[in-house]
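Q: how would this look folded up:
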Amino acid sequence: MYEKLGQYFKNRTIIDEQTLEYIFSHFTFLKTIRNQILLREGDICKDYYFVNKGCLRLFTYNNDGIETTRYFAFEGAFGTALPSLIDQTPAFEFVQTIENSELLKVSRDSFFHLVDTVPQFARVYRQILERGFITAQKRIYGFQGFDALEKVKWVMNYQPDFLLRVSNKMAASYLGITPATLSRVKSKL
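A: Coordinates of the predicted model:
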């Protein structure tokens, strides 16, 4: 159950088995169904999730009621509504599993206890934040100047399984284009 999580840490830091076991002891297993909402907009986020199997999606609705997807976490990745988790303020997004999923969940208190007491955990958390910031910046600045075809090519290059795993509607909301435009672009590739 903890193999992927253990590998995640081993790929990012030097860590012994005893420390890994201590980290694992703070996580609980959660099995979800397709399209299960784990956090609703306006709720306060209490948990951080590691995806063993399946996929998490973070999304919101704009003023016109149109979904905008900010992030997908596939196997071997962490995901949560981080601003809400950190600040304990109402979330401005939803967290949903888009497939039947198997997650490892750590509570906010346990998460920050690990950050404060396990240097390897703190190091990996910093890497998650840094990588997330860089990816968000690339996506924001890249997408501003990209047309629909360039956006689809970008996602195919950086997330090759993405278009195979998520619906056209969700993919389009992530790319900032309409589902019809996405279908047209995909037919040209």
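
Q: ranges for the strands of this structure?
A: All strands of the chain, identified by DSSP state E, fall at 27-32, 36-39, 47-53, 56-61, 67-73, 78-79, 94-97, 101-107.

Q: where do the helices sit along this protein?
A: Here the chain has its helices, by DSSP state H, at 3-10, 17-24, 82-87, 108-117, 119-145, 148-158, 162-165, 168-175, 179-188.

Q: So which of those is the most surrounded?
A: Between the helices of the chain, helix 168-175 has the highest mean count of neighbours, a mean of 20, where neighbours are mean count of other Cβ atoms under 10 Å. For the C-beta atoms, the positions are set from N, CA and C on the backbone; glycine is no exception.

Q: Can you tell me which helices and strands that one packs against?
A: Contacts defined by 3 or more Cβ pairs under 8 Å, 6 or more residues apart in numbering; DSSP states H and E place helix 168-175 against strand 56-61, strand 67-73, helix 148-158, helix 179-188.

Q: Compare those and give me the one nearest residue 165.
A: Closest to residue 165 of those, according to Cβ to Cβ: strand 67-73, at 8.0 Å.

Q: Run through who's touching the closest one.
A: 49, 51, 55-62, 79, 93, 98, 159, 162, 166, 169-170, 173-174, 176 (Cβ atoms under 8 Å, 6 or more residues apart in numbering).

Q: filter these to the buried ones?
A: 49, 51, 55-60, 79, 93, 98, 159, 162, 166, 170, 173-174 (16 or more other Cβ atoms under 10 Å).

Q: what is the mean pLDDT for stretch 98-115?
A: Taken as a whole, stretch 98-115 has an average pLDDT of 97.

Q: Which of the strands of the chain sits closest to residue 128?
A: Proximity to residue 128 (Cβ to Cβ) singles out strand 78-79 among the strands of the chain, at 5.9 Å.

Q: Other residues contacting that closest one?
A: 48-51, 56, 58, 71-73, 95, 128.

Q: okay, the residues you listed in JSON lines with distance to residue 152 and pLDDT next?
A: Formatted as JSON lines, these follow (distance: Cβ to Cβ, whole Å; pLDDT from 0 to 100):
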{"residue": "48", "distance to residue 152": "31", "pLDDT": "97"}
{"residue": "49", "distance to residue 152": "28", "pLDDT": "97"}
{"residue": "50", "distance to residue 152": "29", "pLDDT": "97"}
{"residue": "51", "distance to residue 152": "24", "pLDDT": "97"}
{"residue": "56", "distance to residue 152": "22", "pLDDT": "96"}
{"residue": "58", "distance to residue 152": "21", "pLDDT": "95"}
{"residue": "71", "distance to residue 152": "18", "pLDDT": "88"}
{"residue": "72", "distance to residue 152": "15", "pLDDT": "91"}
{"residue": "73", "distance to residue 152": "21", "pLDDT": "92"}
{"residue": "95", "distance to residue 152": "25", "pLDDT": "98"}
{"residue": "128", "distance to residue 152": "27", "pLDDT": "90"}
